[in-house]
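**Q** here is my input, please return the structure:
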Amino acid sequence: MSEEISVGDQIAGLEERIRKLAGKLGLDEARGVINEIEQEVQRLPAEVERIRARGYQFRSFLENQVSVMHDQWRGIAERVQDELKTRSQELRRDLERVERDLRDLRSRYETPGSAKPAPKQTLAGSLGEAAKQKPAGALGAEKEKPRTLGDLPQTPAARGQSGREQLGGARQSREAAPEHLPESPVRKSLESADSLGSALGDSPASAPGGELPSAIAAVESAVSALEDRFDKAEWEVREHFETLSGNISKVRAHVREITWTMDQVQEATFQFSAGEAPVIIAKAEWKEDRDNPDGILYLTDRRLIFEQKEKKGGFLGIGAKKVQEIQWEVAVGDIEQAKSYNEGIFGRKDMIELTLGGSAPYSRIVVEVKGDADNDWWIRQINRARTGDILKEKLGGTGGQFDDVDLSAVPTNCPNCGGLFPDIKQGQRQLTCEFCGTVVRF
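**A** Okay, the predicted model is just below:
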C-alpha cells in the first residue's frame with residue numbers, strides 16, 4: 001500500500017478543518033468570558049456586602065473597586081458586543097468563500113465529466129479556464145497519462161464552445177463582478193501560477209515523490225490563513241476587556257479568601273477583644289521542638305495568634321480526636337523582627353521566623369504557612385500591623401497608630417504601687433507593672 005496521501009484524503013482533511021472552523025464562528029471563548037464578566041459585575045456588590053455583614057473590616061478598597069468595574073463594564077459592554085458580531089460576520093464570509101472553493105475542487109475531482117459551473121472567480125472556474133487555454137496537441141498528448149486533477153476532461157457542452165468564447169465569457173464575468181466583494185485568497189494563489197493545468201500536469205498526485213497539486217496547495221494555504229484569522233479575532237475581541245477581566249478575577253479571589261477567613265473566625269475557640277478585627281489567616285504548622293502542631297495562624301490588627309486545630313491519635317484516622325486550642329498569642333507591638341525564607345525540596349515550604357520581645361511568651365517562633373498562603377505577603381502584612389499602616393485599610397480608619405484606642409483612658413502609673421508604666425505598643429491592650437506585677441487592661 002502506498003504511503004503517500006491520496007488527493008481524496010487531502011481534500012477530506014481540508015474539509016475536516018473547515019468543519020472545525022464552522023464550529024468556532026460564534027467566537028465562543030470570547031463570548032463565554034463576556035457572559036462571565038456580566039454575571040460577576042452583577043454578583044460582586046452583594047458578595048462584598050455579605051462579608052462586611054459577617055464582620056470583616058479590612059480591604060476597604062473592595063467597595064470602590066467593585067463600583068469602578070461596574071462602571072467600566074457598562075461603558076464598553078455595547079461596544080464589545082458589536083465587535084463580537086462584526087468579527088463573526090467577517091469570519092463567516094471568509095469561511096463560505098473558502099468552503100465554496102473546496103467544494104468545487106471536490107466536485108471536479110470526483111466527477112471529471114461534470115459541466116463547468118457558471119463562469120465566476122472560484123476554484124472551479126479557474127480549473128476550467130486553465131484546461132481550455134492548453135493547446136489541442138497538448139491535451140491530446142496527455143490522454144495516455146494517468147488521470148490527475150489537471151487531466152479532467154471537458155463535457156460535450158463545453159467542447160462545443162470555442163476556447164476564445166469560453167475565455168471571453170469568463171472575462172466578462174470577472175468584469176461584471178461587484179468590486180466591493182473581497183477576492184478569494186485561493187483565487188489569488190491560483191492566478192499566481194502560469195497555468196493551473198500545466199501546474200497540475202507537472203506535479204501529478206499519483207507520481208512517486210510528487211508535490212501537492214497547486215489547487216490543493218492553494219486551498220491549504222487559504223485554510224491555514226483562515227485558522228490564523230479565527231485565533232486573531234478571538235484575541236482582538238478579548239483585548240477590549242482583558243484588563244477588566246483580570247481585575248474581576250483579583251476581586252473574586254479577595255472575596256473567596258475573606259469568606260474562608262470568616263468561616264475560621266466563626267469556628268475559633270477564643271474571643272476577639274472589643275474593636276479587634278482579623279486581617280488575614282492561613283493554615284499553618286508551628287515548628288516547635290516536639291509535636292509541630294497544625295492549626296490556623298491569625299493576624300489581627302492587634303495580635304498574632306496560633307490556634308492548634310487538628311485530629312490526633314487513633315489509627316489511620318479511626319478514633320482520632322479533634323484538638324483545638326490556642327497555643328500562643330503575641331501583641332504585634334512585641335514583634336521585633338519578622339522574616340521569611342523557604343526550605344524543603346525545591347523550597348516549597350514557606351517559613352516565617354519571628355523575633356519577639358516585651359511580654360511575648362517566646363523569644364523566637366518559627367511557623368510554616370500552608371495552602372495558598374505566601375510567606376512574603378504575610379511578612380508585609382505583619383509589618384504593616386506593627387506600624388499601624390494596616391489601619392488605612394480598615395473601614396473608617398485613618399492609618400494612624402492606636403486609631404481605635406482612647407489614649408486618655410490609658411493609665412501612666414500603676415494604681416497599686418505608683419510605678420511608671422512603659423509606653424504602649426501597637427496591638428497592646430494591657431499593661432504590666434514592672435515593679436509589682438499589677439496588670440491593667442484597657
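**Q** which residues of the stretch 151-300 of the chain fall in helices?
**A** 156-159, 163-176, 185-191, 196-202, 214-238, 242-267 (DSSP state H, counting those that start in this stretch).
**Q** any idea how far Arg100 is from Arg106?
**A** 11 Å (C-beta to C-beta, to the nearest Å). The C-beta positions use only the backbone N, C-alpha and C, and glycine is treated the same way.
**Q** pLDDT averaged over the strand or helix carrying Asp71 - what is it?
**A** Using DSSP states H and E, Asp71 sits within helix 61-110. Average pLDDT, helix 61-110: 87.
**Q** packing partners for it?
**A** With contacts taken as 3 or more C-beta pairs under 8 Å, 6 or more residues apart in numbering; DSSP states H and E, helix 61-110 sits against helix 7-22, helix 28-53, helix 123-132, helix 185-191, helix 214-238, helix 242-267.
**Q** dump those helices to JSON lines, plus mean pLDDT.
**A** As requested, these are exported to JSON lines (pLDDT from 0 to 100):
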{"stretch": "helix 7-22", "mean pLDDT": "87"}
{"stretch": "helix 28-53", "mean pLDDT": "92"}
{"stretch": "helix 123-132", "mean pLDDT": "36"}
{"stretch": "helix 185-191", "mean pLDDT": "44"}
{"stretch": "helix 214-238", "mean pLDDT": "86"}
{"stretch": "helix 242-267", "mean pLDDT": "93"}
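**Q** ranking the ones you listed by burial, who's on top?
**A** helix 123-132 (a mean of 24; mean count of other C-beta atoms under 10 Å).
**Q** and the angle from the helix holding Asp71 to helix 214-238?
**A** Interaxial angle, helix 61-110 versus helix 214-238 (axes from the mean of the first three to the mean of the last three C-alpha atoms, to 10 degrees): 170 degrees.
**Q** if we can go back for a sec, so which of the helices and strands packed on helix 61-110 gets nearest Arg93?
**A** helix 214-238 (10.9 Å; C-beta to C-beta).
**Q** quick one: the closest one to helix 7-22, angle?
**A** 10 degrees.
**Q** just to revisit the earlier point, would you turn the helices and strands packed on helix 61-110 into CSV with distance to Leu95?
**A** Output for the helices and strands packed on helix 61-110, formatted as CSV (distance: least, C-beta to C-beta, whole Å):
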stretch, distance to Leu95
helix 7-22, 6
helix 28-53, 15
helix 123-132, 15
helix 185-191, 12
helix 214-238, 6
helix 242-267, 26
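**Q** next, the contact list for Glu393, please.
**A** 58-61 (C-beta atoms under 8 Å, 6 or more residues apart in numbering).
**Q** just give the nearest non-adjacent residue to it, would you?
**A** Nearest non-adjacent residue to Glu393, counting by C-beta to C-beta, 6 or more residues apart in numbering: Phe58, 4.8 Å away.
**Q** any figure for the gap between that neighbour and Leu395?
**A** 8 Å.
**Q** now the strands for the stretch 251-400 of the chain?
**A** 278-286, 294-300, 303-312, 321-331, 335-343, 349-356, 364-369 (DSSP state E, counting those that start in this stretch).
**Q** same for the third one, what does it pack against?
**A** Pointing back at strand 303-312 there. Looks like strand 303-312 contacts strand 278-286, strand 294-300, strand 321-331 (3+ C-beta pairs under 8 Å, 6+ apart).
**Q** quick check: buried residues in that strand?
**A** Of all the residues in strand 303-312, those buried under the rule 16 or more other C-beta atoms under 10 Å are 303-309.
**Q** ok, those vs Arg43, which is closest?
**A** Nearest member of the buried residues of strand 303-312 to Arg43, counting by C-beta to C-beta, is Lys309, at 30.6 Å.
**Q** just give the nearest non-adjacent residue to that closest one, would you?
**A** In space, and not counting its chain neighbours, Lys309 is closest to Gly295: 4.3 Å by C-beta to C-beta, 6+ apart.
**Q** so what's Ile352 up against?
**A** 338-340, 366-369, 375, 378-379, 382.
**Q** for it, name its beta-bridge partners.
**A** Ser340, Val367 (DSSP bridges).
**Q** that one and Glu288, how far apart?
**A** From Ile352 over to Glu288 (counting by C-beta to C-beta), the distance is 14 Å.
**Q** picking that back up, nearest to Glu83, out of the helices and strands packed on helix 61-110?
**A** Glu83 sits nearest to helix 214-238 of all those, at 5.5 Å, using C-beta to C-beta.
**Q** helix 242-267 and the closest one, what's the angle between them?
**A** 50 degrees.
**Q** just checking, what packs against helix 214-238?
**A** helix 7-22, helix 28-53, helix 61-110, helix 123-132, helix 185-191, helix 196-202.
**Q** measure Lys312 to Asn292 for me?
**A** Taken as C-beta to C-beta, the span from Lys312 to Asn292 is 12 Å.
**Q** can you list the domain ranges for this structure.
**A** Domain assignment for the chain by automatic domain parsing gives 7-242, 271-403, 405-442.
**Q** you'd agree Leu14 is up against Arg103?
**A** No. The criterion here is C-beta atoms under 8 Å, and Leu14 misses it with Arg103 at 10.6 Å.
**Q** which positions within stretch 84-101 qualify as buried?
**A** 84, 87-88, 91, 94-95, 97-101.
**Q** also stretch 374-386?
**A** 375, 378-379, 381-382, 384-386.
**Q** ok so, going back, now do the helix holding Asp71 against helix 28-53, angle only.
**A** 160 degrees.
**Q** correct me if wrong: Val237 contacts Ala30.
**A** Yes. The pair Val237 and Ala30 passes the contact test of C-beta under 8 Å, sitting 4.4 Å apart.
**Q** still on that earlier bit, ok, the buried residues of strand 303-312 vs Ile326, which is closest?
**A** Glu307 (5.3 Å).
**Q** ok, the closest one - contacts?
**A** 268-270, 295-296, 298, 324-327.
**Q** can I have the buried ones of those residues as a PyMOL selection?
**A** In PyMOL, a selection of the buried entries from the contacts of Glu307 looks like this (16+ other C-beta under 10 Å):
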select buried, resi 268+295+296+298
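**Q** could you redo the contacts of Glu307 as TSV and give each row pLDDT?
**A** Formatted as TSV, the contacts of Glu307 follow (pLDDT from 0 to 100):
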residue	pLDDT
Ala268	96
Thr269	95
Phe270	94
Gly295	96
Ile296	97
Tyr298	98
Gln324	95
Glu325	95
Ile326	95
Gln327	95
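**Q** any chance of the contacts of Glu307 in TSV, plus distance to Met262?
**A** Shown next, in TSV, are the contacts of Glu307 (distance: C-beta to C-beta, whole Å):
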residue	distance to Met262
Ala268	10
Thr269	16
Phe270	15
Gly295	17
Ile296	12
Tyr298	12
Gln324	17
Glu325	20
Ile326	19
Gln327	22
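**Q** returning to what we had before: looking at the helices and strands packed on helix 61-110, which is closest to Val68?
**A** helix 242-267 (8.5 Å).
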